[in-house]
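Undergrad: coords below, sequence missing:
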């Protein structure tokens, strides 16, 4: 996390309030309960509701959307806009809404000695991310080394995440390499990681974000504003 100190001191995300909804049934009550658990993530401006106040927690989340989360968490959204006009991966179109976010995320993760793509120069921005991939990427962005006692990449990162308190034993049992993860699952992992994992200066992502002001919006009807 070498870039974290400089990036977060200059750019950070601030409070974003969810829109209130009239009425609401059992499903909405469940959403509100989940949103309450994600309050720090919402207040930091890393995620927010759509125009109706929904976080769409049951939907899948793409690799590009996870890149947005990480860029906002590290206070680099200013670098991600406007879109980058040069290709960072062969399947990331220059000028696309996520091109800047992916370029910024690529720089962050490479600073920790990791690679971001899926191989062969590709990123698969619109591909759904699995829970195993989400855990691995969170660890890489936060510079958490995988457990060296296993050769299975997913198990190695799950063990590391368990040691850092990002996952508990119950959550670890549900990790999948193949099944797309819901937004709620990925948001929960990120929320826990940003509140527990400390940098070399003893501060978490949330500690650092409290020093800045920014904004994050998710609008399912308008591409380019996820997550």
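TA: Noted; the coordinates are in hand. Since the model is a prediction, treat every value here as computed from it, not as a measurement.
Undergrad: isn't residue 93 up against residue 102?
TA: No - counting by CB atoms under 8 Å, residue 102 is not a contact partner of residue 93; they are 10.4 Å apart. From N, CA and C alone the C-beta is placed, and that goes for glycine too.
Undergrad: quick one: which of the two has more around it?
TA: Shown here are residue 93 and residue 102; by other CB atoms under 10 Å, residue 102 has more neighbours (25 against 13).
Undergrad: gap between the more buried one and residue 126?
TA: With distances taken as CB to CB, to the nearest Å, residue 102 is found 11 Å from residue 126.
Undergrad: repeat that for residue 169.
TA: 33 Å.
Undergrad: higher neighbour count, these two?
TA: residue 126 (11 against 7).
Undergrad: phi, psi for that one please.
TA: Backbone geometry at residue 126, expressed as degrees, to the nearest 10, gives phi -90, psi 0.
Undergrad: any idea which helix or strand carries the residue nearest the centre of the chain?
TA: Nearest to the mean C-alpha position of the chain, counting by CA atoms, centre = their mean, stands residue 69 at 3.3 Å. Assessed by DSSP states H and E, residue 69 sits inside helix 63-73.
Undergrad: tell me the contacts of residue 162?
TA: Counting by CB atoms under 8 Å, 6 or more residues apart in numbering, residue 162 touches 168-169, 172.
Undergrad: in this protein, where is pLDDT below threshold?
TA: 1-31, 49, 212-227 (pLDDT under 70).
Undergrad: now the strands: where do they sit in it?
TA: With DSSP state E as the definition, the chain shows no strands.
Undergrad: please enumerate the helices of it.
TA: 4-10, 26-37, 39-43, 63-73, 77-80, 99-111, 131-141, 153-164, 169-173, 183-196, 205-209 (DSSP state H).
Undergrad: could these go into JSON lines alongside distance to residue 122?
TA: Listed next are those as JSON lines, based on distance: least, CB to CB, whole Å:
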{"stretch": "helix 4-10", "distance to residue 122": "26"}
{"stretch": "helix 26-37", "distance to residue 122": "33"}
{"stretch": "helix 39-43", "distance to residue 122": "29"}
{"stretch": "helix 63-73", "distance to residue 122": "10"}
{"stretch": "helix 77-80", "distance to residue 122": "20"}
{"stretch": "helix 99-111", "distance to residue 122": "11"}
{"stretch": "helix 131-141", "distance to residue 122": "14"}
{"stretch": "helix 153-164", "distance to residue 122": "18"}
{"stretch": "helix 169-173", "distance to residue 122": "29"}
{"stretch": "helix 183-196", "distance to residue 122": "21"}
{"stretch": "helix 205-209", "distance to residue 122": "28"}
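Undergrad: out of the ones you listed, indicate the one that is most buried.
TA: helix 63-73 (a mean of 26; mean count of other CB atoms under 10 Å).
Undergrad: who are the packing partners of that one?
TA: Judged by 3 or more CB pairs under 8 Å, 6 or more residues apart in numbering; DSSP states H and E, the packing partners of helix 63-73 are helix 77-80, helix 99-111, helix 131-141, helix 183-196.
Undergrad: nearest to residue 146, of the contacts of residue 162?
TA: residue 172 (14.0 Å; CB to CB).
Undergrad: contacting residues for that closest one?
TA: Contacts of residue 172 by CB under 8 Å, 6+ apart are 158, 161-162.
Undergrad: try it again at 7 Å.
TA: 158, 162 (CB atoms under 7 Å, 6 or more residues apart in numbering).
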